[in-house]
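Novice: predicted model and sequence below, questions to follow.
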Amino acid sequence: MKITVVSKNPPGGRCTLYLRYAETIAAERSAVETIYAQSGDPVPPPALLLNGRAVVPADGLLLEPVEVQAAALAAGFDGDPRALLAALDAVQEELMLAWATGAE
């Protein structure tokens, strides 16, 4: 599976979240490619792409762990789906706590 994150440079909140989601999906099975967006690029940051297809947040703002899990499974993730969702949830919770406390 090809995992790509389109990010600002330096990455901000959502870019960091998407990069950590990507690293969680990769977990020694795949490499994560990070592309730092330039003005006018066809895919604006932040974006998470699996096998070249963007994972689009249902609310239009922030990818939720269940959305990332579903996209990873559809893209060929062959690990334990429940463990993946638990790991993605942990990533989101950790970053949300860091954002809330200013400890990012």
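Specialist: Nice, thanks for sending it over. None of these values were measured; they are calculated from a predicted model.
Novice: look up how far Ala54 lies from the residue positioned nearest the centre of the chain.
Specialist: Centroid-nearest residue in the chain, with Cα atoms, centre = their mean: Tyr18, separated by 2.8 Å. Distance, Tyr18 to Ala54, using Cβ to Cβ, to the nearest Å: 11 Å. Any C-beta I mention is one placed from the backbone N, CA and C, and that applies to glycine too.
Novice: now for these two: what residues contact both?
Specialist: 47-48 (Cβ atoms under 8 Å, 6 or more residues apart in numbering).
Novice: picking up where we left off before, how close does the residue nearest to the centre of the chain get to Asp41?
Specialist: 15 Å.
Novice: what's the answer for Glu33, then?
Specialist: 14 Å.
Novice: picking that back up, for the residue nearest to the centre of the chain, list the residues it contacts.
Specialist: Counted by Cβ under 8 Å, 6+ apart, Tyr18 has contacts 5, 7, 46-48, 63.
Novice: ditto for Arg53
Specialist: 71, 75.
Novice: and the one 5 residues further on, by the same measure?
Specialist: For Ala58, the contacting residues are 64, 67, taking Cβ under 8 Å, 6+ apart as the criterion.
Novice: check which helix or strand covers Thr16.
Specialist: helix 13-26 (DSSP states H and E).
Novice: I'd like the next helix or strand past that helix.
Specialist: Downstream of helix 13-26 (by DSSP H and E), the next one is strand 32-36.
Novice: so how far is the next helix or strand after that next one off the chain centroid?
Specialist: Remark: after strand 32-36, the chain's next helix or strand is strand 47-50, criterion DSSP H and E. Chain-centre distance of strand 47-50: 7 Å, with Cα atoms, centre = their mean, to the nearest Å.
Novice: and strand 47-50, what's its mean pLDDT?
Specialist: The average pLDDT within strand 47-50 is 96.
Novice: do the same with stretch 72-87
Specialist: Mean predicted confidence for stretch 72-87 is 95.
Novice: can you give me the end-to-end span of it?
Specialist: End-to-end distance for stretch 72-87: 13 Å, by Cα to Cα, to the nearest Å.
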